[in-house]
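Student: got a structure for you, letters missing:
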């Protein structure tokens, strides 16, 4: 008997015995070689080890010579014992990890693998982490915690908040990955985690807002102040660039790299032209509320409010209402009739005199003391009767000076006043009546006669009198200088809407007297009577409204209003063709067989109220576009043209009682909210809370989304997760009166969202924050 095919020499035959009947029996025993279940030969056969036992008849032992033989196969099932330890593919790893890594994120680039060559339960082992550096405890965790055979090992971040490149104690971590077999034997692989810098810090300002002052006469390049932000990130992530924006930001310049703020040149937006003049003017604008932005190298941005207050400088001279003043008096007069006032104004603010001016007589062309001026009111009065002989030409020439109260040096302005002295022998002409009244039609023809004024000259020929219109005609009436006939001007516009119905015309007549001409005046009142010749007009070019499909017939949807400047207009509203509709996919509906959308709405011809006349259906017609017409039934002229049209787009909304609900006056059919907001609320502070609720749970909505808006002012507003409406800068009533934006409230789980929209208008209310000027 012999063993054939025992390649590893695991077995041997012993104890040969021959029985009395000639049967040979042997014992199959293991050899001195230890059987190894993990040997490749055994492993590839799944733990089976096969060989043969050959039995041969010995014919001649001297030969030996064999006769007949037979072979049998023997298969040994090798069972496993836990005799192998787990083995890591490497004893150590160093892994770089960015500091802004998320929770449960695997360590990038870590290719750790462990193998236990045992099989089945004997190949089981556990995995755990053992801190080497004290700071690594609890920062990472291993997956899986139990494994079998060959297993890739994943190390995940458990507490990413403890990875911080800016903190030296949180920049490097060391720990061991322990693989422990069932028999308690352990092996390890050391992991070193090196934290790399990320742009995880936004720039931070030391203050919530900053204020600087600058004089209005400051030249370009004058420093105003400096604002810096701090960013603990390293490298380019910590490099900060600065900018400013907002109404009036072009008047200032910020150096992007340093944050130094200075005055910009006039007309040069955000740049400096050395020695250039600035556009700052206290009288035009007293302060600027701007947004100051810091942006780091990774694009992270933060803002703060910057207020620059303009300091008043005495840079305005007093200005008179007229280039010169003239008055004619009779010889011997001792008072002016009417009183003679000289008026000057000063545009400087409260710190520069507050606009107060004082009057003095600078010069006069006579040695006689004839006139005096009130320093406060500017009234010129006579101290004694005037005489022709006081001056060479019978005219007093005065120079009046107005001086402001500015500092450090007051400024002044001068104006000439001419007072002519007439003779008692040269009398004024006199109108036949002091006042004339006439009414004309609004459609009076150009150059048509209106009314004639007449005057008599007591000491001369009436034919020498010359008439002229002094004021009040609004360029719509002219007068014949010889006859006094007032006519409609050739290019007159007598529209009551443009120029009003009342003309108070001052007419003067001048004689040919010597040595001075004399003038008298009369008042002509012309009343323009309305003619119905103008077309009506809708207040809006188009209208938009949202309507729930479950609203009842007769429900008021929208009121359109038109105006007509004619006094006796009688407006009538109507819905005319074309009337269009589209379904919820946007497809235009071509006929009304399935659903008569043209009959869905009606309009009250008297007041323009549009109401539901037939049941609405979102699935049939999601959008209905009405053409609206208004005409004037009392038209007198251009009757065919006294018609106006507009469009009303009505969005039919599917009814869903489960959608979020905003507080009143919001409704699904009228999703608008107007809120009064006081100006000067600090940026970042809540203006108000939207307060939408989930009707299914009664809980406050905690998911809002601000919708895109075409208005740049809408970008000033942010919405927090819990519905707080927040402004990014101080809102100034003197610059912004209202802000409109839209927001959606979202309830339900992803894929099953329930959404409602609201259209918000913030109406700013004024606060007494400006001093009198």
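Tutor: Everything's here; your move. Nothing here was measured: the structure is a model prediction, and the numbers come from that model.
Student: how about the nearest residue to residue 495, chain neighbours excluded?
Tutor: Leaving aside its sequence neighbours, residue 495 sits nearest to residue 442 (CB to CB, 6 or more residues apart in numbering; 7.0 Å). Backbone N, C-alpha and C define where each C-beta goes, glycine included.
Student: now that neighbour: how far from residue 64?
Tutor: Per CB to CB, to the nearest Å, residue 442 is found 148 Å from residue 64.
Student: who's more crowded, the two?
Tutor: More crowded of residue 442 and residue 64, by other CB atoms under 10 Å: residue 442, with 18 against 9.
Student: and the more buried one, what does it touch?
Tutor: Contacts for residue 442 (CB atoms under 8 Å, 6 or more residues apart in numbering) come out as 494, 495, 496, 528, 529, 530, 531, 533.
Student: For residue 654, state which of those is nearest.
Tutor: Distance ranking of the contacts of residue 442 against residue 654, using CB to CB, places residue 533 first at 47.9 Å.
Student: Check which helix or strand the closest residue to that closest one other than its chain neighbours maps to.
Tutor: Spatial nearest neighbour of residue 533, excluding adjacent residues (CB to CB, 6+ apart): residue 637 at 3.8 Å. Per DSSP states H and E: residue 637 is located in neither a helix nor a strand.
Student: Pretty sure residue 637 sits against residue 531.
Tutor: Yes. Residue 637 is within contact range of residue 531, at 6.7 Å (criterion: CB atoms under 8 Å).
Student: Give the residues shared as contacts by those two.
Tutor: residue 443.
Student: Those two: which has the busier surroundings?
Tutor: Using other CB under 10 Å as the criterion, residue 637 and residue 531 rank with residue 531 on top: 18 against 12.
Student: neighbour-wise, which of the contacts of residue 442 leads?
Tutor: residue 494 (23 neighbours).
Student: That one and residue 537, how far apart?
Tutor: Using CB to CB, residue 494 is found at 20 Å from residue 537.
Student: before we move on, what about residue 221?
Tutor: Here residue 221 is placed at a distance of 52 Å from residue 537 (CB to CB).
Student: Could you do residue 3 as well?
Tutor: Residue 3 is 116 Å from residue 537, by CB to CB.
Student: Next: residue 48.
Tutor: Distance, residue 48 to residue 537, using CB to CB: 100 Å.
Student: These two - which one has more neighbours?
Tutor: Ranked by neighbour count (other CB under 10 Å), residue 48 and residue 537 place residue 537 first, with 14 against 11.
Student: what's the closest non-adjacent residue to the more buried one?
Tutor: Using CB to CB, 6+ apart, the closest residue to residue 537 is residue 644 (5.3 Å).
Student: is the one you found in a bridge, and if so with what?
Tutor: For residue 644, the beta-bridge partners are residue 630 (DSSP bridges).
Student: so what's it up against?
Tutor: Residue 644 sits next to 535, 536, 537, 538, 562, 629, 630, 631 when contact means CB under 8 Å, 6+ apart.
Student: Confirm for me that the fourth one is in contact with residue 559.
Tutor: No. Using CB under 8 Å, residue 538 and residue 559 do not qualify as a contacting pair, with a distance of 11.5 Å.
Student: And those two? Which one has more around it.
Tutor: Counted by other CB under 10 Å, residue 538 and residue 559 do not tie: residue 538 has more neighbours, with 21 against 15.
Student: and that one, what is it in contact with?
Tutor: Per CB under 8 Å, 6+ apart, neighbours of residue 538: 560, 561, 562, 628, 630, 644, 645, 646.
Student: Mind pulling up the pLDDT for residue 277?
Tutor: Residue 277 is assigned 60 on the pLDDT scale.
Student: pLDDT below threshold where in the stretch 251-400 of the chain?
Tutor: 267-278 (pLDDT under 70).
Student: so where do the strands sit in it?
Tutor: 252-254, 260-263, 287-296, 301-311, 319-320, 324-330, 340-341, 344-345, 357-364, 371-373, 379-382, 395-404 (DSSP state E, counting those that start in this stretch).
Student: Okay, strands next: where are they in the stretch 51-200 of the chain?
Tutor: Per DSSP E, counting those that start in this stretch, the stretch 51-200 of the chain has strands spanning 65-77, 87-88, 92-98, 113-115, 124-131, 140-143, 146-148, 150-152, 154-157, 172-181, 186-196. These are given in chain order.
Student: List the contacts of stretch 209-216.
Tutor: Contacts of stretch 209-216 (CB under 8 Å, 6+ apart): 222, 224-225, 227, 261, 263, 280-282, 292, 304-313, 315, 682-683, 730.
Student: and these, which are buried?
Tutor: Neighbour-count burial within those applies to 224-225, 227, 261, 263, 280-282, 292, 304-308, 310-313, 315, 683, 730; the criterion is 16 or more other CB atoms under 10 Å.
Student: all helices for the protein, in order.
Tutor: 40-44, 496-499 (DSSP state H).
Student: Let me know which of those is tucked in deepest.
Tutor: Most buried of the helices of the chain by mean neighbour count (mean count of other CB atoms under 10 Å) is helix 496-499; its value is a mean of 14.
Student: per-residue pLDDT, residue 695?
Tutor: Per-residue pLDDT puts residue 695 at 89.
Student: Check whether residue 730 really touches residue 684, as I assumed.
Tutor: No. Checked against CB under 8 Å, the pair residue 730 and residue 684 is beyond contact range at 10.3 Å.
Student: residues touching residue 403, list them.
Tutor: 318, 357, 358, 360, 410, 411, 412.
Student: Just the buried residues of those residues.
Tutor: 318, 357, 358, 410, 411, 412.
Student: Tell me the bridge partners for the second one.
Tutor: Taking DSSP bridges, one finds residue 404 as the beta-bridge partners of residue 357.
Student: what do you get for the last one?
Tutor: Residues found in beta-bridge contact with residue 412 (criterion: DSSP bridges) are residue 403.
Student: in the stretch 1-150 of the chain, which ranges drop under the pLDDT threshold?
Tutor: In the stretch 1-150 of the chain, residues with pLDDT under 70: 80-83.
Student: end-to-end on stretch 239-257?
Tutor: 8 Å (CA to CA, to the nearest Å).
Student: quick one: the residue nearest to residue 533 and residue 492, what's the gap?
Tutor: Residue 637 sits 17 Å away from residue 492, going by CB to CB.
Student: Please apply the same query to residue 213.
Tutor: Separation of residue 213 from residue 492 (CB to CB): 54 Å.
Student: These two: which is more packed in?
Tutor: Comparing residue 213 with residue 492 by other CB under 10 Å, the one with more neighbours is residue 492, at 20 against 12.
Student: residues touching the more buried one, list them.
Tutor: Residues near residue 492 by CB under 8 Å, 6+ apart: 446, 475, 476, 477.
Student: Show me just the buried residues among those.
Tutor: In the contacts of residue 492, the ones that pass as buried (16+ other CB under 10 Å) are 476, 477.
Student: can you put the contacts of residue 492 in CSV and add pLDDT and distance to residue 570?
Tutor: CSV is the format used below for those (pLDDT from 0 to 100; distance: CB to CB, whole Å):
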residue, pLDDT, distance to residue 570
446, 93, 29
475, 93, 33
476, 95, 28
477, 96, 31
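Student: Now intersect the contacts of residue 492 with the strands, please.
Tutor: residue 477 (DSSP state E).
Student: Between all of the contacts of residue 492, which two are separated the most?
Tutor: 446 and 475 (12.4 Å).
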